[in-house]
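Colleague: Here is a sequence with its predicted model. Questions after.
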Amino acid sequence: MPAVDVGPVEDFPLGEIRPAKLNGRGIAVVRNGNSVYAVRDICPHQGAKLTAGTLTGEPVYCGPGNIEFRRFGHVLKCPWHGWDYSLADGQAVGGNRKARIRSYRARVENGRVLVESD
């Protein structure tokens, strides 16, 4: 798949959700550590813009009344109804495991963020 240059790496600060365009479609781009993620900017539940969401982690059940989060910053929470999606593969985390958002392979190369298109 061809990679599309969506902007300089400086436009995507670490730990922030930023909008970009991929072949005319809105995407959400997140840099986290040495990784960069790109997902479609629409929640499949009711169409919320995921760039208005927040970053969180994967919930881990640790006993009655005790939930901890791991891999903070690798899960994107929808701003409208709180649905969580893994940035790595777009799979829903927790509640509705059938839901999924489109994810794209992304990387930083020569100071630019590149996202593989369909």
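Modeller: Structure's in. What do you need?

Colleague: wouldn't Gln91 be in contact with Tyr85 here?
Modeller: Yes. Assessed by C-beta atoms under 8 Å, Gln91 is found in contact with Tyr85 at 6.9 Å. C-beta coordinates here come from the backbone N, C-alpha and C atoms, glycine included.

Colleague: higher neighbour count, these two?
Modeller: Neighbour tally, Gln91 and Tyr85, criterion other C-beta atoms under 10 Å: the higher count belongs to Tyr85, 26 against 15.

Colleague: What sits closest to the residue nearest the centre of the chain if chain neighbours are left out?
Modeller: Nearest to the geometric centre of the chain sits Leu87, at 3.8 Å (C-alpha atoms, centre = their mean). In space, Leu87 comes closest to Tyr37 once its chain neighbours are excluded; the distance is 3.8 Å by C-beta to C-beta, 6 or more residues apart in numbering.

Colleague: The one you found is in contact with Ser103, isn't it?
Modeller: Yes. At 7.2 Å, Tyr37 counts as touching Ser103 under the criterion of C-beta under 8 Å.

Colleague: and for stretch 86-95, what are the contacting residues?
Modeller: For stretch 86-95, contacts defined as C-beta atoms under 8 Å, 6 or more residues apart in numbering pick out 30, 32, 37, 39-40, 58-59, 74-76, 83-85, 97-103.
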